[in-house]
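**Q** Got a predicted model here, sequence first, then my questions.
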Amino acid sequence: MTTFARRSLGAVLAALLFAIPATASLAAEPAVVIPAPAVDEAAKGSSETAIFAGGCFWGVQAVFQHVKGVKNAVSGYSGGAKDTASYETVSLGQTGHAEAVEVSFDPREVSYGTLLQVFFSIAHNPTQLNYQGPDQGTQYRSAIFAASAEQQKVAAAYIAQLDKTGLFHAPIVTKLSKLDSFYPAEKYHQDFLTLNPNHPYIVYNDMPKIDNLKAIFPAAFRANPVLVSKAKS
C-alpha cells in the first residue's frame, strides 16, 4: 500500500472509528498466545542484530521498541538491491524488498527466541501470504532475514514447533532466508507510531499490538519505547 493509499485508508478508518462503540475492540489482527521456543540461542556478547518483516514496518518497529533489552529498532528494507531501497519504489512490489525492521538487542537481557515469540504472537499474522491486514504485495510478506546460521536454526525450529501446536488457524508462511543487506527507511518512517499516535491507520492496526504486548508479555514490556531519534550513534 502506497503512502497515498494508506492516507486514503486512514480517512475511511477515521469515519469507521467514530461509528464503533467505545467498548468494541479495535484490533485488526488478534494476538495469539504461543509457547516460547524449545530451541534458543545462548547469550554471546552484549549486542546482536535481528531482521523481521511482517507487513507495514510502522507497527513492527513500534512493538520491538517496547521490548526490554532492545537497544534500537529501525524501519527499512531488506531482500532487494540498494538502488531500489526507497519507499516509493518498494511500494511498487517488484523490487524483492520487504518492509523490515532491524532490531538491535542485548542477548543478555532478551534472547533471539523471545524476539521470535513476540514477532509471531504480537507483531503480525504469520499465516498471511504476501499481505498483512489491509496492505497487499510481496513487500508486506512475513519474513525473517537470519543474521547468522544459529539464528536461522532457531527460527526454523520455532516455525516447525508452532505449526505442530495448531494454535494458528492456518500454516505459517513466514519466509526464512539468510540476511544479505538491510537499508534504513526514510526519516519520516522512523518512530512513526510514537510521533503519530492518533493516525487512523496506527489507531486501528498498530496501537492494539502495543496493548497486546503489555498484556501477554508484561515482564518484557517497557512503557517508554527506545526511539531511533534518541539512539546513540
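**A** Ah, there it is. Residues are numbered from 1 along each chain as shown.
**Q** tell me which element the residue most central in space within the chain is part of?
**A** Centroid-nearest residue in the chain: Val60, 2.5 Å away (criterion: C-alpha atoms, centre = their mean). Using DSSP states H and E, Val60 falls within helix 57-65.
**Q** Could I get the average pLDDT for that helix?
**A** Mean pLDDT, computed over helix 57-65, is 98.
**Q** The helix or strand just after that helix pairs with which strands?
**A** Of the helices and strands lying after helix 57-65 in sequence (DSSP H and E), the nearest is strand 70-78. Sheet partners assigned to strand 70-78 using DSSP bridges are listed as strand 98-105 (antiparallel), strand 182-184 (antiparallel).
**Q** list the buried ones in the last one?
**A** If I follow you right, that is strand 182-184. For strand 182-184, the buried set under the neighbour-count rule, 16 or more other C-beta atoms under 10 Å, comprises Phe182, Tyr183. Bear in mind the C-beta positions are built from the backbone N, C-alpha and C, glycine included.
**Q** what's the helix or strand immediately after it in the chain in contact with?
**A** Later in the chain than strand 182-184, the nearest helix or strand by DSSP H and E is helix 192-195. Here helix 192-195 makes contact (C-beta atoms under 8 Å, 6 or more residues apart in numbering) with 58-59, 61-62, 65, 75, 199, 202, 206-207, 210, 225, 227.
**Q** Which of the strands paired with strand 70-78 has the highest mean neighbour count?
**A** For those, the largest average neighbour count (mean count of other C-beta atoms under 10 Å) is found in strand 98-105, namely a mean of 25.
**Q** Can you name the residues in contact with that strand?
**A** So strand 98-105 is contacted by 47-53, 55-57, 60-61, 64, 67, 69-79, 90, 112, 115, 138-141, 143, 145, 182, 184-185 (C-beta under 8 Å, 6+ apart).
**Q** rerun at 6 Å
**A** 48-53, 57, 60-61, 64, 69-76, 78-79, 139, 141, 143, 182 (C-beta atoms under 6 Å, 6 or more residues apart in numbering).
**Q** what does stretch 163-176 give?
**A** Applying C-beta under 6 Å, 6+ apart, the contact partners of stretch 163-176 are Val32, Ile34, Pro126, Thr127, Leu129, Ser142, Ala143, Ile144, Ala155, Ala156, Ile159, Leu162.
**Q** does the last one sit in a helix, a strand or a coil?
**A** Going back to what we said before, that points to Leu162. Following DSSP: H, G, I helix; E, B strand; the rest coil, we place Leu162 in the helix state.
**Q** Return the residues in contact with it.
**A** Ile172.
**Q** let's go with 7 Å and repeat that
**A** Counting by C-beta atoms under 7 Å, 6 or more residues apart in numbering, Leu162 makes contact with Ile34, Phe120, Phe168, Ile172.
**Q** for this structure, what are the low-confidence residue spans?
**A** 1-28, 233 (pLDDT under 70).
**Q** repeat that with 80
**A** Along the chain, segments meeting pLDDT under 80 span 1-29, 232-233.
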